[in-house]
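In: Model the structure of this input:
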Amino acid sequence: MTVYLVGAGPGDPGLLTVRGAELLARAEVVVYDRLSAPSLLDLAPSSAERIYVGKRGATPSASQDEINRLLVEHGAAGREVVRLKGGDPFVFARGAEELDALRRAGVPAEVVPGITSAIAVPAYAGIPVTRRYSSTSFTVVTGHEDPSKERSDVDWEAIARVGGTIVILMGVANLPTISRRLIAGGLPPETPAAAVRWGTRPSQLTIRATLGTLADHPLAAPSVIVVGDVAADDLDWFASRPLSGRRVVVTRAPEQASKLSRRLAEAGAEVVEVPTIAIADPTDGGAALAAAVEGLETGDWVALTSPNGAERFLDAVGDVRRLAGVRIAVIGPGTAAVLAARMIVPDLVPDRYVAEGLLEVFGSGPGRVLVAQAADARPVLADGLRAAGWVVDVVETYRTVPAQVPDAALDEVATSDAVAFASSSAVRNFADAVEHARRPPVAVVIGPITAATASEVGFETVIEAATHDLDGLVSAVRDWSTGLT
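Out: Numbering: from 1, shown residues only. As a prediction, the model looks like this:
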């Protein structure tokens with residue numbers, strides 16, 4: 001086995017390399033620090049041991065000797081180890097020391113370069129580190145040297161004379177001294193300067209000033225500091241996205257949250273995933289569903305009322321040829337997409353993606369309909385079909401059960417701007433888990449039934465998606481953020 005020193009990039013999980021993602025997916029141990037994007041840990045198997053070695057609050061971080069020992073210990077034991085490091089392992093990240101320790105111990109190791117914050121963070125702030133007609137070079141320098149050294153190796157006055165762009169990493173604490181020495185080296189105090197904190201993340205904050213005044217602003221680590229003419233460029237694209245600066249809670253079950261979270265994050269939101277429901281088997285373990293599938297040939301229609309129900313139903317069917325001669329109705333495009341993934345085209349999709357909409361277009365009996373739905377689904381569809389002359393069999397395909405919400409997640413919820421709901425059960429479980437005073441002020445919901453539930457549990461502002469699917473839900477959040485609703 002091998003120890004992999006993997007550059008995690010500057011913070012945006014999308015900037016992880018393909019090689020890094022591949023190694024995380026098979027890791028047995030992940031050793032990570034503060035600058036690693038937390039969501040990257042989700043790429044590792046659930047069975048992987050996760051070891052945090054960064055600084056947390058007032059607690060000191062693990063020493064480099066301790067980290068080296070951990071890597072050697074797990075690597076020598078024959079485990080697949082990923083050392084996940086912010087940025088690039090060989091750019092002010094002590095990766096060389098870790099590689100040296102592994103080599104001396106005879107442990108195989110590999111370096112996987114990452115995208116360095118020295119280039120990516122300015123880019124996300126709309127600051128190019130070079131300009132064809134002005135800044136034709138850039139210098140990357142640390143603003144935080146080893147405190148045990150007797151003297152500084154950084155000749156700031158000489159760096160000032162080099163010209164071009166200066167990118168300073170880990171320099172917030174020493175910025176007054178750095179600025180003074182750069183000015184002493186010949187840079188005018190009016191030279192544009194900028195500090196970008198938590199660059200490439202939803203919480204990114206850019207402060208623009210001059211070399212002489214930047215240190216007067218309320219700066220905090222981790223920040224990348226850019227000095228030079230390019231720091232005056234304001235080509236911001238990242239912070240101008242429609243959901244930038246917004247924190248949105250996603251309450252879908254873990255196996256379903258990723259698509260919605262990704263769409264919201266791409267629009268600029270900081271997404272807080274707080275699943276309030278989990279998907280569980282029916283109480284009979286699926287026996288009734290299996291029996292219903294065995295009797296498919298006696299029916300005329302199958303009605304599927306959710307993507308989860310469709311997945312479970314098709315898993316029970318197995319060979320789709322068993323559906324020959326049976327027509328399929330679905331409640332909306334999300335459910336239809338599940339069928340499409342199995343090369344099945346539904347016979348009926350309503351214009352309104354609720355049970356009432358399906359009843360409007362279903363028509364009258366006689367005939368037999370199998371309604372495959374969640375255990376807590378409304379009886380509207382089954383009752384309406386019976387009233388229209390159909391013989392209806394209802395089978396439970398899954399249950400939604402409450403999920404435990406950690407205290408840390410509740411703290412993030414309390415500072416969020418909105419919460420997105422895709423079902424009434426998610427709303428009810430959220431209301432049970434989060435006291436009213438700690439809820440976000442806005443609920444954005446997928447349809448009228450969920451909207452009614454959100455109002456019922458006390459949300460003052462409830463915004464219903466124009467189309468009752470995930471695309472509509474994302475659009476509703478964007479419209480709310482930009483003031484269109």
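In: now what about the top strand by length along the chain, what contacts it?
Out: With secondary structure taken from DSSP state E, the chain has its longest strand at strand 391-402. Defining contact as Cβ atoms under 8 Å, 6 or more residues apart in numbering, one finds that strand 391-402 is touched by 253, 276-284, 288-289, 292, 299, 308-309, 312-313, 316, 365-376, 382, 385-386, 423, 425-426, 429, 432-433. To be clear about C-beta, it is placed using only N, CA and C from the backbone, and glycine gets the same treatment.
In: mean confidence score for that strand?
Out: For strand 391-402, the mean per-residue pLDDT is 92.
In: same deal with stretch 158-171?
Out: What stretch 158-171 shows for mean pLDDT is 94.
In: Could you do stretch 362-376 as well?
Out: Mean predicted lDDT for stretch 362-376 stands at 93.
In: what's in contact with that stretch?
Out: 282-283, 289, 292, 296, 298-306, 308-310, 312-313, 329, 348, 381-382, 385, 388-400, 425.
In: do you know how far residue 398 is from residue 318?
Out: 17 Å (Cβ to Cβ, to the nearest Å).
In: Which one's more surrounded, the two?
Out: residue 398 (23 against 9; other Cβ atoms under 10 Å).
In: Could you check how far that one is from residue 348?
Out: Residue 398 sits 22 Å away from residue 348, going by Cβ to Cβ.
In: same question, residue 186
Out: Going from residue 186 to residue 348 by Cβ to Cβ gives 76 Å.
In: Which one of the two is surrounded by more residues?
Out: Applying other Cβ under 10 Å to residue 186 and residue 348 shows that residue 348 carries more neighbours, namely 16 against 10.
In: Next, the more buried one: phi, psi?
Out: Main-chain torsions, residue 348, degrees, to the nearest 10: phi -150, psi 120.
In: Pretty sure it sits against residue 359.
Out: No - Residue 348 lies out of contact with residue 359 (Cβ atoms under 8 Å); the separation is 11.1 Å.
In: got the contact list for the residue lying closest to residue 365 once chain neighbours are set aside?
Out: Nearest residue to residue 365, sequence neighbours excluded (Cβ to Cβ, 6 or more residues apart in numbering): residue 389, at 3.1 Å. Residues in contact with residue 389 (Cβ under 8 Å, 6+ apart) are 364-366.
In: Domains in this structure, by residue range?
Out: Per automatic domain parsing, the structural domains of the chain span 3-115, 119-232, 247-276+403-481, 280-402.
In: Arrange those in JSON lines, one row each, with distance to residue 239 as further columns.
Out: What follows is these, written out as JSON lines (distance: least, Cβ to Cβ, whole Å):
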{"stretch": "domain 3-115", "distance to residue 239": "13"}
{"stretch": "domain 119-232", "distance to residue 239": "7"}
{"stretch": "domain 247-276+403-481", "distance to residue 239": "8"}
{"stretch": "domain 280-402", "distance to residue 239": "31"}
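In: and residue 66, helix, strand or coil?
Out: Three-state assignment for residue 66 (DSSP: H, G, I helix; E, B strand; the rest coil): helix.
In: burial measure for it, as a count.
Out: So residue 66, with other Cβ under 10 Å, has 11 neighbours.
In: Residue 144 now?
Out: 14.
In: That one falls within a strand, correct?
Out: No - counting by three-state DSSP, residue 144 is not part of a strand but coil.
In: on that earlier part again, just among the contacts of residue 389, which is most surrounded?
Out: Comparing those on neighbour count, residue 365 comes out first with 17 neighbours (neighbours: other Cβ under 10 Å).
In: could you measure that one against residue 287, distance?
Out: 28 Å.
In: Which other helices and strands does the strand or helix carrying residue 386 contact?
Out: Assessed by DSSP states H and E, residue 386 sits inside helix 380-387. Where contact means 3 or more Cβ pairs under 8 Å, 6 or more residues apart in numbering; DSSP states H and E, helix 380-387 is packed against helix 355-362, strand 368-374, strand 391-402.
In: quick one: low-confidence ranges for the stretch 351-485 of the chain?
Out: Where the stretch 351-485 of the chain drops to pLDDT under 70, the residues are 485.
In: I'd assumed residue 470 was in contact with residue 263.
Out: Yes - the pair residue 263 and residue 470 passes the contact test of Cβ under 8 Å, sitting 7.1 Å apart.
In: how about low-confidence regions in the stretch 51-200 of the chain?
Out: 55-59, 145-152.
In: element containing residue 182, please.
Out: helix 175-184.
In: That helix packs against which elements?
Out: So helix 175-184, by 3+ Cβ pairs under 8 Å, 6+ apart, packs with helix 156-162, strand 165-169.
In: Next step: the contacts of strand 391-402 restricted to helices.
Out: Using DSSP state H, 288-289, 292, 308-309, 312-313, 316, 382, 385-386, 425-426, 429, 432-433 are the members of the contacts of strand 391-402 that sit in helices.
In: which of those residues has the most neighbours?
Out: With neighbours defined as other Cβ under 10 Å, the most crowded of the ones in helices among the contacts of strand 391-402 is residue 426; it has 28 neighbours.
In: tell me the contacts of it?
Out: So residue 426 contacts 251-252, 276-277, 400, 450 (Cβ under 8 Å, 6+ apart).
In: what do you get for residue 335?
Out: 304-307, 309-310, 346.
In: can you pull the buried residues of the strand or helix carrying it?
Out: Per DSSP H and E, residue 335 falls inside helix 333-340. Neighbour-count burial for helix 333-340 flags 333-336, 338-339 (criterion: 16 or more other Cβ atoms under 10 Å).
In: Looking at those residues, spot the one nearest residue 29.
Out: residue 338 (35.8 Å; Cβ to Cβ).
In: separation between that closest one and residue 399?
Out: Plainly put, residue 338 is 18 Å away from residue 399 if you go by Cβ to Cβ.
In: now residue 128
Out: Using Cβ to Cβ, residue 128 is found at 53 Å from residue 399.
In: Need the pLDDT of residue 257.
Out: The model's pLDDT for residue 257 equals 64.
In: typo on my end, residue 297
Out: 85.
In: can you check residue 329 too?
Out: At residue 329, the pLDDT value in this model is 97.
In: Can you tell me the closest non-neighbouring residue to it?
Out: Nearest in space to residue 329, with sequence neighbours left out and distances taken as Cβ to Cβ, 6+ apart, is residue 348 at 3.9 Å.
In: Contact partners for that neighbour?
Out: Applying Cβ under 8 Å, 6+ apart, the residues near residue 348 are 327-330, 358, 361-362.
In: which of these tops the neighbour count?
Out: residue 330 (27 neighbours).
In: What distance do you get for that one to residue 16?
Out: 36 Å.
In: cool, and residue 409?
Out: From residue 409 to residue 16 the distance is 24 Å (Cβ to Cβ).
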